[in-house]
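**Student:** no FASTA, just this:
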């Protein structure tokens, strides 16, 4: 066994001296080559990496939804416009907060417009959204219920 290792080291030294890029150890006739050292598993960490804490995966960017975008907090001016509605409607409009069609905060374009869709009150930011809301009442109501 000692002769085998000596032969391997001699071959490596000779290859380094001669300038060979890769030295392949030779084995004496009739002997079996020494087994190569086992390679570490592909998922094994180097000692330096083992000490480092694992990095957390980066958060994915928020995906845009087709539904109504989350409303920003109502401003004092928007609340003042909503306060022009009857008291019972004010509470409903504040709870709804955004227009399901224009996606603007209610009160942003003046006093909100109240319409009835399938027996349910819906508030819109302006009269321009009324036609679209009535064209797809189920879709409009679905946008409000997802909030």
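**Tutor:** Cool, got the structure. Because the structure is predicted, anything quoted here is derived from the model rather than measured.
**Student:** what's in contact with whichever strand or helix holds residue 121?
**Tutor:** Assigned by DSSP states H and E, residue 121 belongs to strand 120-124. Applying C-beta atoms under 8 Å, 6 or more residues apart in numbering, the contact partners of strand 120-124 are 89, 92-93, 96, 99-102, 106, 112-116, 130, 133, 140-141, 144. Using the backbone N, CA and C atoms, a C-beta is placed for each residue, glycine as well.
**Student:** please apply the same query to stretch 101-114.
**Tutor:** Here stretch 101-114 has contacts from 68-69, 71-72, 74-75, 77-82, 84-85, 89, 93-94, 96-99, 121-130, 132-133, 140, using C-beta under 8 Å, 6+ apart.
**Student:** sort out for me which of these are in strands.
**Tutor:** With DSSP state E as the criterion, strands contain 121-124 from among those.
**Student:** picking up where we left off before, filter the contacts of strand 120-124 down to the buried ones, PyMOL style.
**Tutor:** Filtering the contacts of strand 120-124 down to the buried ones (16 or more other C-beta atoms under 10 Å) takes a single PyMOL command:
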select buried, resi 92+93+96+99+100+101+102+106+112+113+115+133+140+141+144
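**Student:** isn't residue 82 up against residue 95?
**Tutor:** No. Residue 82 lies out of contact with residue 95 (C-beta atoms under 8 Å); the separation is 10.6 Å.
**Student:** which of those two has more residues huddled nearby?
**Tutor:** The neighbour comparison of residue 82 against residue 95 (other C-beta atoms under 10 Å) goes to residue 82, with 22 against 10.
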